[in-house]
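A.B. asks: whatever this is, show me its structure:
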Amino acid sequence: EMIEAMAARGGGGGMNFAPGFVHPTHATVQGVIDHVDHIVGLVGPDHVGLGSDFDGIPYTPVGLEDVTKMPNITAELVKRGYAEEDVRKILGENHLRLIKDVVG
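C.D. replies: So this is what the prediction gives:
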């Protein structure tokens, strides 16, 4: 309900990489994208982005050990059939749009 309420007002959220949010015992890049798929299914690709929290989590999902592994996100989105435009939105354009809408 919260995700749908944010989207209804033009907002969105960032997919957290914290393993406890991704999977209780085996967090992976695929698991992160499973959550992205869920959000896209609820509200569409205009309302989801990434919120890695690399600086605040005790360990990372397999395949996302550090920022150099971020291309694995792109690869998984493409593998799942996301259009290039939607990949760009998820990777950062949605966040930029929100900043522009709020800050001007």
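A.B. asks: immediately after the lengthiest helix in the chain, which helix or strand?
C.D. replies: Identified as the longest helix of the chain according to DSSP state H is helix 29-43. Going down the chain from helix 29-43, the next helix or strand is strand 48-51, by DSSP states H and E.
A.B. asks: mind giving me the packing neighbours of that next one?
C.D. replies: The contact analysis (3 or more C-beta pairs under 8 Å, 6 or more residues apart in numbering; DSSP states H and E) places strand 48-51 against strand 13-16, helix 29-43, helix 94-103. Heads up, the C-betas are built off the backbone N, CA and C, glycines and all.
A.B. asks: switch the cut-off to 6 Å
C.D. replies: strand 13-16, helix 29-43 (3 or more C-beta pairs under 6 Å, 6 or more residues apart in numbering; DSSP states H and E).
A.B. asks: and those: which comes nearest Thr60?
C.D. replies: Nearest of the helices and strands packed on strand 48-51 to Thr60, taken as C-beta to C-beta: helix 29-43 at 9.5 Å.
A.B. asks: give the buried residues for that closest one.
C.D. replies: In terms of neighbour count (16 or more other C-beta atoms under 10 Å), helix 29-43 has its buried residues at Val29, Gln30, Gly31, Val32, Ile33, His35, Val36, Ile39, Val40, Val43.
A.B. asks: mind putting those residues in CSV, pLDDT included?
C.D. replies: Shown next, in CSV, are the buried residues of helix 29-43 (pLDDT from 0 to 100):
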residue, pLDDT
Val29, 98
Gln30, 98
Gly31, 97
Val32, 97
Ile33, 98
His35, 95
Val36, 97
Ile39, 95
Val40, 97
Val43, 96
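A.B. asks: a markdown table please, covering those residues and showing distance to Glu4.
C.D. replies: Shown next, in a markdown table, are the buried residues of helix 29-43 (distance: C-beta to C-beta, whole Å):
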| residue | distance to Glu4 |
| --- | --- |
| Val29 | 26 |
| Gln30 | 25 |
| Gly31 | 22 |
| Val32 | 21 |
| Ile33 | 20 |
| His35 | 15 |
| Val36 | 16 |
| Ile39 | 10 |
| Val40 | 13 |
| Val43 | 6 |
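A.B. asks: good, we can wrap up now.
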